[in-house]
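Colleague: When you get a sec, could you give me coordinates for this:
(chains A and B)
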Amino acid sequence: MNMNSEGRPTRPEPADAVAESWTGNKALMLEEALIFEIGTTASTGVDVETPPAVRSRLGGLDRNREIGLAGLSEPQAVRHYTRLSRQNYAIDLGLFPLGSCTMKHNPRLNEKVARMPGFADIHPLQPVDTVGGAFELIHTLGEWLCKLTGMPAVAMSPKAGAHGELCGVLAIRSALEARGDAREVILVPESAHGTNPATAAFAGYKVEDIPATPEGRVDLAALEARLGPDVAGVMITNPNTCGLFEPDMKRISDAVHAAGGLVYCDGANFNAIVGRVRPGDLGIDAMHINLHKTFSTPHGGGGPGSGPVVFSEALAPFAPLPFVEKQGDHYILIEEETAEDHHASSFGRMVAFHGQMGMFTRALAYMMSHGADGLKQVAEDAVLNANYILRSLDDVLEAPFGKGGPCMHEALFSDKGFAEGFTTLDLAKALIDEGYHPMTMYFPLVVHGAMLIEPTETESKETLDQFIGALRSIVARAKAGDPSMHQAPFHAPRRRLDETAAARKPVLVWKEPEQAEAAE
Amino acid sequence: MRYLPLEPADRAAMLAKIGARDVDALFADVPEEARLDGPVHGLPDHATELAVERDLGAMARKNVSAADVPFFLGCGAYRHHIPASVDHLIQRGEFLTSYTPYQPEIAQGTLQALFEFQTQVARLYGCDVANASMYDGSTACWEAIVMARRITRRSKAIISAGVHPHYVAVCQTMARFTKDALDVALPELTDGAPGDDMARLLAGIDGETSAVVVQYPNVLGHIDDLSELAERCHAKKALLIAVVTEPVALGAIRSPGEMGADIVVGEGQSLGVGLNFGGPYVGLFACREKHVRQMPGRLAGETVDAAGQRGFVLTLSTREQHIRREKATSNICTNSGLCALAFSVHMTLLGEKGLRNLAALNHARAVQAAERLAQIDGIDLVNGSFFNEFVLRLPQDARQVARALADRMILAGVSLGRLYPDGEGLDRGLVVAVTETNSDEDIAAFAAALEEVLA
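Modeller: Purely as a prediction, here's the structure:
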């Protein structure tokens, strides 16, 4: 057993030295079968009252075969999901430094507020005068977003970041069409999130790359050279995916506007500048805000998100339906029935109802808790924590853009200097054994073996120091060529999983063993 | 500030390590003129937990919540009882505060739960496979049309008049930009089973048709057999897309997949999620195995780890935006994972037996309510068939009636005039949903108030 200077073991024992348990369990780590393996179609955990006898009105389409849904009694179900939950890493357990994902603490006040019956138990099509408080909440949150971004208008209905991007791009296209200008190309930096080019294509645009400079910024000269009458707009992430502020943002906006285009800003990284910089001062026309990043609504294992979009004066008239307006001291809902008088150029509806109300309540609770002063501190501490990581590791890891100056909310490193055959993946998996969720790997694509670390403002210095210590130790092993790293993780609920096999012959649903065999 | 752990001494030590004079120096890349010199104007300062709760509680109390009144609204969002353990389990921090399971060795909880969810959805819909969720039913509906376009290489879809008008509106918004052709129509207040709309769909399918989109049960509550439609679609190499806004219905009636639907999408809100004023909800998406590589959204799949143990990973990600960028099947990234978990926990608690009992109870209550309300002078029950939702034709504009009933603290249903502001002849229609949450007293109170309003 190898020990570090604090006497804690640093090197796992070989796995075969440990006796396997009969159950496959490892003390507190309990294996759990699928519900279809432990439940039956005859078991249930819900008592339903016996229905009154009536004449069926199902149109003769009564179900005539079994669905195949396994049920569990309540104690079995609680145990099943509790056991599963313990196989997950989470921000509640420790540092979750996924770059660009902003895994910050999720305050429990938010959960409490979102569950108030006046917000959680109201229907989206209730008569409008029975939901005045809901409109007030949506409008209040919208006002906060407009003030924080310095933008005059906001669309609240987009369901997540990528849906917000779509909202922004559709508004751009509508504005151009309204002036009879059918442009076909959207420019996207090569370091952009994959959602940017995918969104532009989903909205019917052709996508072209803008190159990056050696300093990790948008190449302004290349961008200006490409602008022309066929370019509808650009999608720029600022701060960008290298964790850097685009210092030329205003010049980019001016150049795009001069060429007749519009500017979309991906606000995924707004956390770095909230309360300190207003994107509206940089000439942008639309920006989505991930409430599940900057404003702390929980990620929930992949969603739900919420992606309100702020608009410039140029794009505001094209914002989607429905939305809430304040008139005097009450709130009105603008939807299809009322839009003709108020909002004739809207590009239409992009979602069934009013957006992610449950995320709005959480985000507003977070904003009110911080206030304008606290949100400024959020950005400052997020940036301070990231720079602390950058400068505590840049002597052992290459920081390709770190020499030029500070980063914003995330620190970017490459795999330069690792021993032959040792990769970012090996480092990430070794980090799991140290009790951390790995950083974002292999993104952005412009850096070899990229490691993008975003600590967020809700981590203490002690947490960062321990993480830095762990990472330095792993980097030393990667440089020395410690072969055990190829096998990591050793202590997670599962060893490395075979993703290639999963994709080659996809098994996406459970089948009864005889069915599964027949399908072989 | 209670959410920020750094103390002034920490900040000073960290700045020293970084070699920065002060925190402003870290914002050096931001042009001088774009830097604010103090907190953003016009917003309050930080607040205590108690103060925030008090302010937001006051806003919440201005709304009439469903539990406080007899409540009969549906049309794409349904009030069902959610077992207490559902909300408890989804609030476990390991589920609530985890991320997309990109590191499967430490995300088996989420991945296994998604694999179970996919299996439940596929079985409920009568399909081979399902994905790990979309935003909601309306956006899933458009994604299904895009998927059908990719599979058939045709871009003309025919949408039934019975599809939820908001879903249709979402598709129309998108189609305008993508140049897809959508053939749409308004519903009529006939008993339509199968009415003029089915005839329109059957007649409309030709060699250019990518897909026919139908809702089952439809927005007016009718339940149509989809078998002939599926056959006609397949004869012309078009796909049948079925939309289900009320998943509980499938505990009582045959699944769209059994009747030949190729893609089945819908809203999962009824199970586990709650009304939440329209979101977050959970889009369900299922299809045939042979089309899985054209599917949007994340997929959990089974595999083994290096020690040979079964485990789960996100798979077929070469369809997705983070790999394929502009060539991806969709731009979706974040989905509705936690709502999918809530759906799955609720479905696991129900099981086959519980879902069937729940569906039977919903239908029985709805039949009771429909029969009682149809006895009122001047009111007709429009539907020949229905599950837990039906349309009443009132003697006057249903919007006014709904408002008058709301004044009497009855939330009576959704007026078709609100859903179809341009719908000729629809303004007297009221869509009433009845679930297990409606008591005999609720139905009696509704009937009494309606008689009073119409008198």
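Colleague: Quick one: residues in contact with stretch A:245-260.
Modeller: Residues outside stretch A:245-260 that contact it (C-beta atoms under 8 Å, 6 or more residues apart in numbering or on different chains): A:181, A:183, A:217-218, A:220, A:223-224, A:227-229, A:231, A:233-234, A:236, A:238-240, A:262-263, A:272-273, A:281-284, A:408, B:27, B:29-31, B:34. Where you see a C-beta, it was placed from the backbone N, CA and C, and this is true even at glycine.
Colleague: same deal with stretch B:80-90?
Modeller: Taking C-beta under 8 Å, 6+ apart as the rule, stretch B:80-90 contacts A:45-46, A:74, A:77-78, A:81-82, A:85, A:115, A:300, B:95-96, B:248, B:270-274, B:338, B:341-342, B:345-346, B:349, B:358, B:435-437.
Colleague: the bottom helix or strand of chain B by mean pLDDT?
Modeller: Least confident helix or strand, chain B: helix B:321-324 with a mean of 86, by mean pLDDT, DSSP states H and E.
Colleague: Only C-alpha atoms, please: export that helix in PDB.
Modeller: In PDB, the C-alpha atoms belonging to helix B:321-324 read as follows (Å, rounded to 0.1, in the frame of the first residue of the first chain):
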ATOM      1  CA  GLN B 321     -25.200  17.200 -31.400                       C
ATOM      2  CA  HIS B 322     -22.000  17.000 -29.300                       C
ATOM      3  CA  ILE B 323     -20.600  14.500 -31.700                       C
ATOM      4  CA  ARG B 324     -22.300  15.200 -35.100                       C
END
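Colleague: Which strands or helices does it pack on?
Modeller: Under the contact definition 3 or more C-beta pairs under 8 Å, 6 or more residues apart in numbering or on different chains; DSSP states H and E, helix B:321-324 sits against helix A:195-202.
Colleague: Going along the chain from the helix it packs on, find the next helix or strand for me.
Modeller: Once helix A:195-202 ends, the next helix or strand along the chain (criterion: DSSP states H and E) is strand A:206-210.
Colleague: Buried residues in the very next helix or strand once past that next one, which are they?
Modeller: Per DSSP H and E, strand A:206-210 leads on to helix A:220-226 as the next helix or strand towards the C-terminus. Applying a neighbour-count criterion of 16 or more other C-beta atoms under 10 Å in any protein chain shown, one finds A:220, A:223, A:226 buried in helix A:220-226.
Colleague: how far off helix A:195-202 does whichever helix or strand comes after helix A:220-226 point, in degrees?
Modeller: Toward the C-terminus, helix A:220-226 is succeeded by strand A:231-237 as the next helix or strand (DSSP H and E). Going by axes from the mean of the first three to the mean of the last three C-alpha atoms, to 10 degrees, strand A:231-237 is angled at 150 degrees with respect to helix A:195-202.
Colleague: ok now the following helix or strand past strand A:231-237, how far from the chain's centre?
Modeller: Using DSSP H and E, the helix or strand that follows strand A:231-237 in sequence is helix A:249-258. Counting by C-alpha atoms, centre = their mean, to the nearest Å, helix A:249-258 is centred 28 Å from the centre of its parent chain.
Colleague: Relative to chain B, which residue of the stretch 151-300 of chain A is the closest?
Modeller: With C-beta to the nearest C-beta, the shortest gap between the stretch 151-300 of chain A and chain B falls at A:G300, namely 2.8 Å.
Colleague: quick one: contacts for the closest residue to that residue other than its chain neighbours?
Modeller: Among residues not flanking A:G300 along the chain, B:L338 sits closest, at 2.8 Å (C-beta to C-beta, 6 or more residues apart in numbering or on different chains). The contact partners of B:L338, taken as C-beta under 8 Å, 6+ apart, are A:298, A:300-304, B:90, B:95-96, B:280.
Colleague: got it, and A:Q87?
Modeller: Taking C-beta under 8 Å, 6+ apart, one finds A:29, A:32, A:493, B:94, B:106-109, B:112 in contact with A:Q87.
Colleague: Angles on the backbone of it, please.
Modeller: Per-residue torsions, A:Q87: phi -90, psi 10 (degrees, to the nearest 10).
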